[in-house]
Each structure stands twice: as C-alpha cells, then as structure tokens.
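> fold the following and give me the result.
(2 chains)
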Amino acid sequence: AQSVAQPEDQVNVAEGNPLTVKCTYSVSGNPYLFWYVQYPNRGLQFLLKYITGDNLVKGSYGFEAEFNKSQTSFHLKKPSALVSDSALYFCAVRDGNYGQNFVFGPGTRLSVLP
Amino acid sequence: DSGVTQTPKHLITATGQRVTLRCSPRSGDLSVYWYQQSLDQGLQFLIQYYNGEERAKGNILERFSAQQFPDLHSELNLSSLELGDSALYFCASSPQGTGIDEQYFGPGTRLTVT
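Residues are numbered from 1 along each chain as shown, chains lettered A, B, ... in the order given. Take a look at the predicted model:
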C-alpha cells in the first residue's frame, strides 16, 4: 500500500527567503506525485505534479518540486516566499502500477512572516 | 473558483440520522472523488466514480454510500451518523479519472453531528 509522510507539521520562513516543504513517499510501483495547497475555509488547489520525465517540476505561483527516486522524496520549493503563500500544503501519491487510490499526507502548515 | 460545486455548505444533524451531500463536477469532467477531512485523521480518500461507475474505493465506511448519476453529479449518503462523522467533506473532479489527472476540489460541506 502507498503512503506519504510530511515530517514537519509547521514550517516558518521569512518573506523573501527560500522555502522548502518536505514530502517522502512509499509505493510499490511507479509514483504519481502531487502537491496541493489549502487556504483557510477553502478547498484544495492543485499546484503541480510529477508523472514521468524531468525530475524538476514547475507549477503554479512560482512553486517547483524535485522528484528524487533514490530518496523517495518530492519536496516542494519556492525561491522567494510571500506572505500570501501562508497556507496548508498537502503532498499526495498514487501508485501508478497498483490500484487507484490517492493517499494524502497529513499536511504542513507554512507560515511566511513579514 | 474551481468550478466544482457542493451543497449544502453546512449541515448540522443529530446522531443516528441520515444526510445526503451533493456535488456537481466541473463542466466536462467525468470523474468525481469524495474525501473526508477531520482534525485527527487528516484528508481521507473515500471513493471515486468515473462516468457513473465506481472506480476506486478508499476508507469508506459501510454506513456511507455514494453514486454518480447520468448527468455526472454525485451524491454521498451518510447514515446512522455518529459524533465522529463530524468533518469537512470534499468533492473533487478530474477530466478522465486516471492516475495522472490533477483534481479540482469543491469548497466542501461541513457536517456537524450533535
């Protein structure tokens, strides 16, 4: 069965500094990996995904993520954080070879301080 | 606005009751997903439908059932409600429902069981 870990409940970063939100995964087959963001009282919004190909994936709002197969990680990054990036971030995985279920991580709350 | 609509926004009911949550997917999307978000369990995948047929099943209780209608809207039925069923229920849709599709989430229905 697939699983996702987000080792940090909370990440604090100063505005203008680079940010990283960590995600590691476990699947039996090929991973399909996603990042979503949730703002207060809103549904989740898609940021980016890795299916195959280039390990560096670029997404919405200046976010990018790097797929690392050997470390089974898919960390979300942004070169310069904005206060408006403060939200709850979810990593999700789907096993490309087995089953159809999506598994979401527990979420990481990002706070960007002015 | 993701284009996914959910009704009602809020629902308050008593233990033992039955409720129906409704979801309309984005125009053209064939697949609908249901999720439960609670503080202690995080975001849990419940079930997925594609063009009227069940495609994947997650952690959905036997007291819960869902269906997708010919016009592609979906309903999630929750019966014999317990206090622990209080949560935010999200519906999401995607174009084809394959593992590589990103999902578009609705604003959610907040269910409170008293």
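
> got the residues of chain A near chain B?
A:32, A:34, A:36, A:42-46, A:49, A:51, A:90, A:94-96, A:99-107 (CB under 8 Å from any CB of the partner chain). C-betas here are computed from N, CA, C, even on glycine.

> name the nearest residue to the residue nearest in space to the middle of chain B, ignoring sequence neighbours.
The residue lying closest to the centre of chain B (CA atoms, centre = their mean) is B:W34, at 3.1 Å. Excluding the flanking residues, the one nearest B:W34 by CB to CB, 6 or more residues apart in numbering or on different chains is B:L46, at 4.2 Å.

> the one you found touches B:Y35, doesn't it?
Yes. Between B:L46 and B:Y35 there is a contact under CB atoms under 8 Å: 6.1 Å.

> which strand or helix spans the residue nearest to A:Q38 when sequence neighbours are not counted?
Once flanking residues are discounted, A:Q38 sits nearest to A:L88: 4.4 Å by CB to CB, 6+ apart. Assigning secondary structure by DSSP states H and E places A:L88 in strand A:87-95.

> can you give the distance from that strand to the centre of its chain?
5 Å (CA atoms, centre = their mean, to the nearest Å).

> and stretch B:48-67, by the same measure?
9 Å.

> C-alpha coordinates for that stretch, CSV please?
Extracted in CSV, the C-alpha atoms of stretch B:48-67 (Å, rounded to 0.1, in the frame of the first residue of the first chain):
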residue,chain,number,x,y,z
GLN,B,48,-14.1,7.6,-6.8
TYR,B,49,-16.6,7.4,-9.7
TYR,B,50,-15.9,7.6,-13.4
ASN,B,51,-18.7,8.2,-15.8
GLY,B,52,-21.3,6.6,-13.4
GLU,B,53,-19.2,3.6,-12.4
GLU,B,54,-17.3,3.1,-9.2
ARG,B,55,-13.5,3.2,-10.0
ALA,B,56,-11.7,3.1,-6.6
LYS,B,57,-12.7,2.7,-3.0
GLY,B,58,-10.7,4.0,-0.1
ASN,B,59,-11.5,4.2,3.6
ILE,B,60,-15.3,4.5,3.2
LEU,B,61,-17.4,3.1,6.0
GLU,B,62,-20.2,0.7,5.3
ARG,B,63,-22.7,3.3,6.6
PHE,B,64,-21.6,5.6,3.8
SER,B,65,-22.5,5.1,0.1
ALA,B,66,-22.2,7.2,-3.0
GLN,B,67,-23.3,7.3,-6.6
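
> mean confidence score for that stretch?
Taken as a whole, stretch B:48-67 carries a mean pLDDT of 93.

> repeat that for stretch B:11-26.
Here the average pLDDT along stretch B:11-26 is 97.

> what about it, near chain A?
No. With CB under 8 Å from any CB as the measure, stretch B:11-26 is seen stopping short of chain A, the closest distance being 11.1 Å.

> residues contacting that stretch, please?
B:2-8, B:31-32, B:34, B:72-83, B:89, B:91, B:93, B:104, B:106, B:109-114 (CB atoms under 8 Å, 6 or more residues apart in numbering or on different chains).
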